[in-house]
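Visitor: Here is a sequence with its predicted model. Questions after.
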Amino acid sequence: MRRGVDLAQAELATKIRGKYLRALEDEQFALLPAETYVKGFLRTYAEYLGLDGQLYVDEFNSRFVTGEEHEPRIRRSASRPQRRNRHVETSVVVIALAAIAVLTVVVISAWKSGSSNSPTHGATPKTHVTAPKVTPPLLSLKALRGATHVIAHRGSATGKVAYDGTIQPSDGAVAIRGTRLWVSIDTPENLRIEVRGKQVHVPGPKPQVIVVTATGWHPAT
């Protein structure tokens, strides 16, 4: 009301149905889908109104979430996962370069040893050096347009949180590792989604919860 925004405008901007926005305003959370959606809707709606979405998620957790499903999370900015992912990628590159250097030294030493021991000059067998294969992350997400909030749990909907943040178009690709991920996506059509390095298509402008494994993805049941 202070912003002079009605529910129809908010629904159009956030892509959250008006009845769900009304339920958020009235704290009738039983009218909304799963708890994961409630947190995503709270965060998106609050940030649309210029508020701190994390404060509202924390308030919801303290007042309405009980039992093992509530797992406190350290608040972090969108840049931290990106810096951590860059650190991991840098480490992988350094390891790969070191392995190539070691293989090169071994091949050169073997070639020199063979040449010095050979009584006659002949053709030197070619040695093929193969760089170590780097396995891509289980899930890679890149925002193409618009901000999209993503929560990923390992193993199941109540498993350990592997990622919780809003991905912006200006961010780099977010890599999430694991063997099985339970992922809640506010707006799938805004993301480029890759599973083990292969791009997949998750349709729809509305929030979805999907299960991701090394063989692909499917909707959560």
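Guide: Looks like it came in fine.

Visitor: what's near enough to touch the residue nearest to residue 173 when sequence neighbours are not counted?
Guide: For residue 173, ignoring the flanking residues on the chain, the nearest one in space by Cβ to Cβ, 6 or more residues apart in numbering is residue 142 at 4.4 Å. Every residue, glycine included, has its C-beta placed from N, CA and C. Applying Cβ atoms under 8 Å, 6 or more residues apart in numbering, we find residue 142 in contact with 167, 171, 172, 173, 174, 191, 192.

Visitor: would you list every one of the helices in this protein?
Guide: In the chain, the segments counted as helices under DSSP state H are 7-14, 18-26, 35-48, 53-64, 79-117.

Visitor: need those helices in TSV with distance to residue 153, can you?
Guide: TSV is the format used below for those (distance: least, Cβ to Cβ, whole Å):
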stretch	distance to residue 153
helix 7-14	23
helix 18-26	22
helix 35-48	9
helix 53-64	15
helix 79-117	15
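
Visitor: hey, least reliable of those by pLDDT?
Guide: Sorting the helices of the chain by mean pLDDT places helix 79-117 lowest, at a mean of 74.

Visitor: still on that earlier bit, and the two most separated of the contacts of residue 142?
Guide: Pairwise distances across the contacts of residue 142 (Cβ to Cβ) peak at 13.2 Å, for the pair 172 and 191.

Visitor: returning to that earlier point: can you convert the helices of the chain into TSV and add a column each for distance to residue 208 and mean neighbour count?
Guide: TSV is the format used below for these (distance: least, Cβ to Cβ, whole Å; neighbours: other Cβ atoms under 10 Å):
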stretch	distance to residue 208	mean neighbour count
helix 7-14	16	14
helix 18-26	15	16
helix 35-48	10	21
helix 53-64	19	15
helix 79-117	21	12
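
Visitor: For residue 174, name its beta-bridge partners.
Guide: Beta-bridge partners of residue 174, counted by DSSP bridges, are residue 141.

Visitor: can I assume it is in contact with residue 141?
Guide: Yes. Look at residue 174 against residue 141 with Cβ atoms under 8 Å: they come within range, at 4.6 Å.

Visitor: Between those two, which contacts overlap?
Guide: Counting by Cβ under 8 Å, 6+ apart, the shared contacts of residue 174 and residue 141 are 150, 167.

Visitor: Can you give me the domain boundaries for this protein?
Guide: Residue ranges of the domains in the chain are recorded as 7-69, 78-134, 135-219, according to automatic domain parsing.

Visitor: Dump those domains to JSON lines, plus distance to residue 1.
Guide: Listed next are the domains of the chain as JSON lines, based on distance: least, Cβ to Cβ, whole Å:
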{"stretch": "domain 7-69", "distance to residue 1": "10"}
{"stretch": "domain 78-134", "distance to residue 1": "29"}
{"stretch": "domain 135-219", "distance to residue 1": "24"}
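
Visitor: how far does stretch 167-187 sit from the chain's center?
Guide: Average the C-alpha atoms of stretch 167-187, do the same for its chain, and the two points are 2 Å apart (Cα atoms, centre = their mean, to the nearest Å).

Visitor: Check the separation of the first and last residues in that stretch.
Guide: In stretch 167-187, first residue to last residue: 11 Å (Cα to Cα, to the nearest Å).

Visitor: residues in contact with residue 47?
Guide: Remark: with contacts taken as Cβ under 8 Å, 6+ apart, residue 47 is in contact with 53, 166.
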